[in-house]
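In: Need coordinates for the following:
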Amino acid sequence: MATAAPLRTPAHLWVVGILSLLWNCFGGYDYLMTRTRNMDYLTSMTPPGVDVTTLIDYIDGMPMYAQIGWGLGVWAALVGSVLLLMRHRYAVWAFGLSIAGMIMSFGYMFLGPPMPGSEQAGMMKYMPLVIVVLGIAQFAYARGVERKGLLR
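Out: Next up is the predicted model:
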């Protein structure tokens, strides 16, 4: 009786998983630095001409659903990256939860009052779009490798 050989992890899964992990680690770093009020970090991320306290007031004024969405988007994506590297099928669910969190958080940013300095942010005003596109790409990739049987 022949036994099936376990599928070897393809190189693309390692490449995508590591890049995803690095990208999502920065999201976690940004979240922690913002939530712990690291003034050096916040000052460096504040657009020119905007007082950092104005940015902090904006973040503190976000409704609870947007704040929960921000945390869910960041941490679920990071967990998804780790699960992808572990070849676990729940990576798909984690990336899906991350997208739900993005919708909650960025939905407020686009439909609510504009973030201070967003009118002069240049290319940075497109960063939420980049984040959403990469989040959807991570979800689609995880779902694709799951369908190929590479996740357990």
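In: Please compute how far stretch 116-129 lies from its chain's middle.
Out: From the chain centre to the centre of stretch 116-129 is a distance of 17 Å (C-alpha atoms, centre = their mean, to the nearest Å).
In: what about the chain, any weak spots by pLDDT?
Out: 1-7, 119-121 (pLDDT under 70).
In: what residues does stretch 138-152 touch?
Out: Contacts to stretch 138-152, defined as C-beta atoms under 8 Å, 6 or more residues apart in numbering, come from residues 7, 9-10, 13, 16, 20, 77, 80-81, 84, 87-89, 91-92, 95-96, 98-99. Quick note: C-beta positions are derived from backbone N, CA and C, even for glycine.
In: repeat that with 6 Å
Out: 16, 20, 84, 87, 89, 91-92, 95-96, 99 (C-beta atoms under 6 Å, 6 or more residues apart in numbering).
In: Equivalent analysis for stretch 56-69, please.
Out: 101, 104-105, 108, 115-116.
In: What are the buried residues along it?
Out: Neighbour counts using 16 or more other C-beta atoms under 10 Å place 56, 58-59, 62, 66-67, 69 of stretch 56-69 among the buried residues.
In: And for stretch 109-119?
Out: Quick answer for stretch 109-119 (16+ other C-beta under 10 Å): 109, 115-117.
In: Please enumerate the helices of this protein.
Out: 11-35, 39-45, 52-60, 64-85, 90-111, 127-147 (DSSP state H).
In: So for this protein, the centremost residue is which one?
Out: The residue lying closest to the centre of the chain (C-alpha atoms, centre = their mean) is Val74, at 4.3 Å.
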